[in-house]
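J.: Predicted model, plus sequence, below.
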Amino acid sequence: MVASFDGFDRLDQEFTLLASGRLMPGCDHAVIFFVFADPIGKLAGFYNTVTSDDGPVSLGGGSLSKLFIETFCCLGSPGEEQNTGNHTIETTHDTQVDVAGLVVLLFEIRFYLGDRAGFPFANPHGRKAWRFHDGDQVVIFVQNFQGSQLSTFGKSMMAKFAVSLILASQSPRRQLLLREAGYDVMVIPPSPDAETPPRLDEAPRESVLRIAREKAEDVACRLDEGIVLAGDTLAELNGQPLGKPTNRDHAREILRALRGKDHFVWSAICLWCRPKDQILVDVDRTTVKMALLSDDEIEDYLDSGLWEGKAGAFGIQDRTGWVKIDEGSLTNVVGLPMELLSRMLSQMNE
Ligand SMILES: Cc1cn([C@H]2C[C@H](O)[C@@H](COP(=O)(O)OP(=O)(O)OP(=O)(O)O)O2)c(=O)[nH]c1=O
């Protein structure tokens, strides 16, 4: 154990502790986490003592309060002005606090639409795996944060708070997913002629990869710097791509073809980093099944207008139970696979 917490009993008594442990058992770096059921804000002003290899250190109320109020902050070593991407780590030289190089990460876990699967992380005690759940409050202490070989989880968390994204999309769903996940987002929609429709000789997977890249390029070439994110989503039935319906009759035709059937939803992401023009493109696939809808149910949905602008003429988020996921990510169906995005941002940071 590289670091331990004195006074932890008190922490345990005052807050409902759901889990604790080391994020990466067996690694050289202290990556210690606590998952609380209570709001992190309640911890403001709480005094706790940390013991590390460098001797006992105190996390005092002043800076902790500030951190707990401003979630997604982290705390650097005394007098140290570090930088993670475009996010400056808070310094502690104006306080009495010595954190011995520990970085404190505070997260409130939020899953769009209450992701069923939760977010798995390393098994703390070699027993059953723990999953984060929507609303969990997490405090993570990391020693040697910059130099550590953090797990994919740690890196993607770091990427999340360190990165501002330029969203090359007019999709309200993509914007909402990013904001709900805590990303800092600026929207610059691609020009209407940026994308060329799926080609006959292309599989749906190839189409979304190509189109996401076209949208990202359209916006990236107008910018001097920043990370541009574009996405593209298509449904696939029997090898045929199903894009956004052109009108109500087209939507009806698509929904009648899809009802009662297993089909795929493909979403691609392109990250384009300016000015170095580092480009990452990747794709995710979810297998879904649409209920055997009656003609009346389809007409009712068409009346709602919710089909407009949605690949496959249907939004999984619009009618609970009409489309079920057999395998894969929910956010992928809604237009932006958030798990894939985390992995890609981690790759970009390497
Ligand atoms: C399958 C499905 C798609 N969709 C949406 C996600 C996408 O917004 C849309 C697919 O269209 P896209 O062409 O991928 O994206 P868009 O036109 O909405 O936005 P932009 O090109 O500016 O990025 O369908 C849902 O909201 N729910 C679903 O269940």
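T.: Okay, I see it.
J.: If we ignore the residues flanking it in sequence, what's nearest residue 235?
T.: Closest residue to residue 235 apart from its sequence neighbours, by C-beta to C-beta, 6 or more residues apart in numbering: residue 312 at 3.2 Å. Just so you know, the C-beta spots here come from the backbone N, C-alpha and C atoms, and that holds for glycine as well.
J.: now residue 203
T.: The shortest distance from residue 203 to any non-neighbouring residue, by C-beta to C-beta, 6+ apart, is to residue 239 (7.4 Å).
J.: What separation is there between residue 174 and residue 315?
T.: 13 Å (C-beta to C-beta, to the nearest Å).
J.: So the two - more neighbours on which side?
T.: Between residue 174 and residue 315, counted using other C-beta atoms under 10 Å, residue 174 has the larger neighbour count: 24 against 21.
J.: I figured the more buried one hits residue 336, correct?
T.: Yes - using C-beta atoms under 8 Å, residue 174 is in contact with residue 336, at 4.6 Å.
J.: For those two, list the residues in contact with both.
T.: When contacts are counted by C-beta atoms under 8 Å, 6 or more residues apart in numbering, residue 174 and residue 336 are jointly contacted by residue 231.
J.: those helices in this protein, which residues are they?
T.: Secondary structure of the chain, counting by DSSP state H: helices at 8-14, 61-69, 152-162, 172-180, 204-220, 248-258, 295-304, 330-334, 338-349.
J.: how many neighbours does the closest residue to the ligand within the stretch 201-350 of the chain have?
T.: Closest contact between the stretch 201-350 of the chain and the ligand, by C-beta to the nearest ligand atom, is at residue 335 (2.9 Å). Number of residues near residue 335 (other C-beta under 10 Å) recorded here: 23.
J.: Next: the one 10 residues further on.
T.: For residue 345, the neighbour count with other C-beta under 10 Å is 24.
J.: doesn't residue 269 make contact with it?
T.: No - counting by C-beta under 8 Å, residue 345 sits too far from residue 269 to count as a contact (9.8 Å).
J.: what do these two both touch?
T.: By C-beta under 8 Å, 6+ apart, no residue touches both residue 345 and residue 269.
J.: Residue 201: neighbour count?
T.: When neighbours are defined as other C-beta under 10 Å, residue 201 has 6 of them.
J.: next one: the one 4 residues further on
T.: The tally of other residues near residue 205 (other C-beta under 10 Å) stands at 17.
J.: Report the contact partners of it.
T.: 266, 283, 285.
J.: measure it to residue 338 for me?
T.: 19 Å.
J.: Mind telling me which of the helices of the chain the model trusts least?
T.: Looking over the helices of the chain, mean pLDDT reaches its minimum on helix 61-69, with a mean of 38.
J.: Wait, the residue of the stretch 201-350 of the chain closest to the ligand touches residue 174, no?
T.: Yes - counting by C-beta under 8 Å, residue 335 touches residue 174, with 5.1 Å between them.
J.: Find the residues that touch each one of the two.
T.: With C-beta under 8 Å, 6+ apart, residue 335 and residue 174 have common neighbours residue 231.
J.: Who wins on neighbours among the contacts of residue 205?
T.: Highest neighbour count within the contacts of residue 205, by other C-beta under 10 Å: residue 266, with 25 neighbours.
J.: That residue is in contact with residue 231, isn't it?
T.: No - contact criterion C-beta under 8 Å: residue 266 and residue 231 do not qualify, at 10.6 Å.
J.: The contacts of residue 205 into a markdown table, with extra columns for distance to residue 195 and pLDDT?
T.: Putting the contacts of residue 205 into a markdown table (distance: C-beta to C-beta, whole Å; pLDDT from 0 to 100) gives the following:
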| residue | distance to residue 195 | pLDDT |
| --- | --- | --- |
| 266 | 15 | 98 |
| 283 | 15 | 98 |
| 285 | 20 | 98 |
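J.: These into TSV, with extra columns for distance to the ligand?
T.: Conversion of the contacts of residue 205 to TSV gives the following (distance: C-beta to the nearest ligand atom, whole Å):
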residue	distance to the ligand
266	10
283	12
285	12
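J.: Of those, just say which sits nearest to residue 200.
T.: When the contacts of residue 205 are compared for distance to residue 200 (C-beta to C-beta), residue 266 wins out at 16.8 Å.
J.: Can you tell me how far the closest one is from residue 207?
T.: Noted for residue 266: a distance of 8 Å to residue 207, by C-beta to C-beta.
J.: what do the two both touch?
T.: With C-beta under 8 Å, 6+ apart, residue 266 and residue 207 have common neighbours residue 234.
J.: near the ligand, which residues of the stretch 251-350 of the chain?
T.: Within reach of the ligand by C-beta under 6 Å from any ligand atom, the stretch 251-350 of the chain has these residues: 265, 309, 310, 311, 312, 314, 315, 316, 317, 333, 334, 335.
J.: Save the residues you listed as TSV, and put in distance to residue 247 too.
T.: Listed next are those as TSV, based on distance: C-beta to C-beta, whole Å:
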residue	distance to residue 247
265	22
309	12
310	13
311	15
312	15
314	15
315	17
316	22
317	22
333	23
334	23
335	21
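J.: which of the residues you listed are buried?
T.: The neighbour-count criterion (16 or more other C-beta atoms under 10 Å) marks 265, 310, 311, 312, 314, 315, 316, 317, 333, 334, 335 among these as buried.
J.: What about residue 200, how many residues nearby?
T.: 5.
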